[in-house]
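Student: sequence first, predicted coordinates after that:
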Amino acid sequence: MNGIEQENKTMNGIEQENKTMNGIEQENKTMNRLGISRFLVVLMVLFGLAHGAVAQHVINDTALTFLTTGEGVSTSGGDISLDINGTPQVTLRGGNTFLGLGTTLPSQRMHLYSATTGSTRMRIETLEGYIDLFTNDGHLQVLTNGTSRMIVRGGTGRVGIGTVSPTKMLDVVGDGKFSGDATFGGNATVGDIMSAAVVEIRGTGNDLAESFKVNAEAKKITSGMVVSIDPKNPGEMILSEGSFDRKVAGIISGAGDLHAGIHLGDIRDASEGYHPVALTGRVWCHVDPNSPAITPGDFLTTAALPGHAAKVQDFASAQGAVIGKAMTATNKETGMVLVLVSLQ
C-alpha cells in the first residue's frame, strides 16, 4: 500500500481517504467497527523488512514516533526506539535486549543516561513510600522518601551512611551493629576529642586472651588448664608444673563455654599447638582434686598436678605465684572453679 492513494474505498472493512501514513493516504478509518481518531494510530507491526530497513509510525504528526530498525520487531538483532520530537527517549536493543533511557546505546540490562551535568534518578515506589537511586557529579546516593540515607563518593569511593560527606572509606553517623565477625586490617579508634568513648562487648566472652604456643602433648591440653612461661622457648608456654610456680602466666580460655571476649593478636589454630591464654577476666579452671576445699574469695596458685590450680595456704610461698581469686566453690561434677584471673 506504500505510495498508493485511496479514497472512499473499502479493503477488508476499512474505509480510507486523504491521510498519509508511511506513504498511504487514509481518512475515516474503521476496522471491524473500531473507530480510530486522526491523532492515534493502532500499533502496526511490520515483519519481513529487508535487513537494515526502517519502519516508522508517527502518532500526532511528528510529536511521537515509534521506530523499528533492522529486522523490525524480531529477535534477530533489530532495535526498537521511541522518539519524542525527533529525540530518542527509549531504546530496546534487539541483539542483547539492553534497555536504554536517554541513550540509544545501552551497555547494561537497564541504562539510564542524562546529557546534562545535573542529576539522574530512578525511583521505586509503593503506597507506603519510595526509594530513589540518585546520581550527581559521579556520586551515588540512596534516598528514602526524599531523605538521603547512603552515598558513595565518585572521586574517592568513600561510603557515607547517615552523612553525605564521608571522611573515611566507611563513615557511619549513628549506631552500628555487627551480628557476625568483623575484621580490621588497620588501627581502630573509638570516640573523638568531643565525646567520651565507651567500648561495650556483649556475649559469652568474659576474658582477655592471647594465643600462645603451648609445648605439651596435645592430648594433655584442654581448656581451663593453667600454663606457665616456657624457659626453653621464649614467647611460648608449657603446662604449669609443681606447686607455687612463679612462672605461671594464665589459664587456657574456653572451658565451660566461657570464650575470650577480647583476643589479642592473631587467632592461631590448636592443631598448630596454639591456645588462647586468659590473662585477665573470668575463666573456668581445673583444680587439683587433692587440694583443700575451695570457697569464693580464696587465692589460687599452681598445684603439684600439671595444669591444675590449688588453694593458697602458705601465702609466703605463694608470692609471685598467685593466679587469681576463686569466684565459686569447686564444681564436684567438673572439678573446676570459676576464677577471676589476676596474676600476683
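Tutor: Good, I have the coordinates. All figures in this text were calculated on a predicted structure; none of them were measured in a lab.
Student: contacts only, for the nearest residue to residue 226 once chain neighbours are set aside.
Tutor: Taking C-beta to C-beta, 6 or more residues apart in numbering, and ignoring the residues beside it in sequence, residue 226 has residue 240 as its nearest neighbour in space, at 4.3 Å. Where you see a C-beta, it was placed from the backbone N, CA and C, and this is true even at glycine. Residue 240 sits next to 225-228, 247-248, 302-303, 306-308 when contact means C-beta atoms under 8 Å, 6 or more residues apart in numbering.
Student: 7 Å instead?
Tutor: With contact taken as C-beta atoms under 7 Å, 6 or more residues apart in numbering, residue 240 is in contact with 226-228, 248, 302, 306-307.
Student: from those, which is closest to residue 106?
Tutor: Sorting these by distance to residue 106 puts residue 227 at the head of the list, at 64.8 Å, by C-beta to C-beta.
Student: residue 289 and residue 337 touch, don't they?
Tutor: No. Counting by C-beta atoms under 7 Å, residue 289 does not reach residue 337; the two are 11.6 Å apart.
Student: where in the stretch 1-150 of the chain is pLDDT low?
Tutor: Applying pLDDT under 70 to the stretch 1-150 of the chain flags residues 1-77, 117-118.
Student: quick one: buried residues of stretch 137-157?
Tutor: Buried residues in stretch 137-157, counted by 16 or more other C-beta atoms under 10 Å: 139, 141, 143, 150-153.
Student: which residues touch it?
Tutor: Against stretch 137-157 from outside (C-beta under 7 Å, 6+ apart): 129-134, 159-161, 164, 166, 169.
Student: can you do 6 Å?
Tutor: Here stretch 137-157 makes contact (C-beta atoms under 6 Å, 6 or more residues apart in numbering) with 129, 131-132, 134, 159-161, 164.
Student: biggest separation within those, which pair?
Tutor: Within those, 129 and 159 form the most distant pair, 23.0 Å apart (C-beta to C-beta).
Student: who has more neighbours, the two?
Tutor: The residue with more neighbours, out of residue 129 and residue 159, is residue 159; 17 against 10, by other C-beta atoms under 10 Å.
Student: mind giving me the domain split of the chain?
Tutor: The chain breaks down into these domains under automatic domain parsing: 7-106, 119-172, 207-341.
Student: could you identify the helix or strand that succeeds the longest strand anywhere in the chain?
Tutor: The residue-count maximum for a strand in the chain (DSSP state E) belongs to strand 274-286. Counting by DSSP states H and E, the element after strand 274-286 in chain order, helix or strand, is strand 299-302.
Student: ok, residue 289 and residue 337, which is more surrounded?
Tutor: Ranked by neighbour count (other C-beta under 10 Å), residue 289 and residue 337 place residue 337 first, with 24 against 12.
Student: would you say that one is within a helix?
Tutor: No. Membership of residue 337 in a helix is not supported by DSSP: H, G, I helix; E, B strand; the rest coil, which gives strand.
Student: I figured it hits residue 295, correct?
Tutor: No. Using C-beta atoms under 6 Å, residue 337 is not in contact with residue 295; the gap is 9.5 Å.
Student: returning to that earlier point: of the domains of the chain, flag the one that's most buried.
Tutor: Greatest average neighbour count among the domains of the chain goes to domain 207-341 (a mean of 18), per mean count of other C-beta atoms under 10 Å.
Student: list the contacts of the closest residue to residue 277 other than its chain neighbours.
Tutor: Residue nearest to residue 277 in three dimensions, not counting chain neighbours: residue 250, with 4.3 Å by C-beta to C-beta, 6+ apart. Counting by C-beta under 6 Å, 6+ apart, residue 250 makes contact with 277-279.
Student: for those, which one is nearest residue 186?
Tutor: Distance to residue 186, by C-beta to C-beta, is smallest for residue 279 among those, at 23.9 Å.
Student: for residue 256, give me the backbone phi and psi.
Tutor: Main-chain dihedrals, residue 256, degrees, to the nearest 10: phi 60, psi 30.
Student: I'd like the distance between it and residue 207.
Tutor: According to C-beta to C-beta, to the nearest Å, residue 256 and residue 207 sit 12 Å apart.
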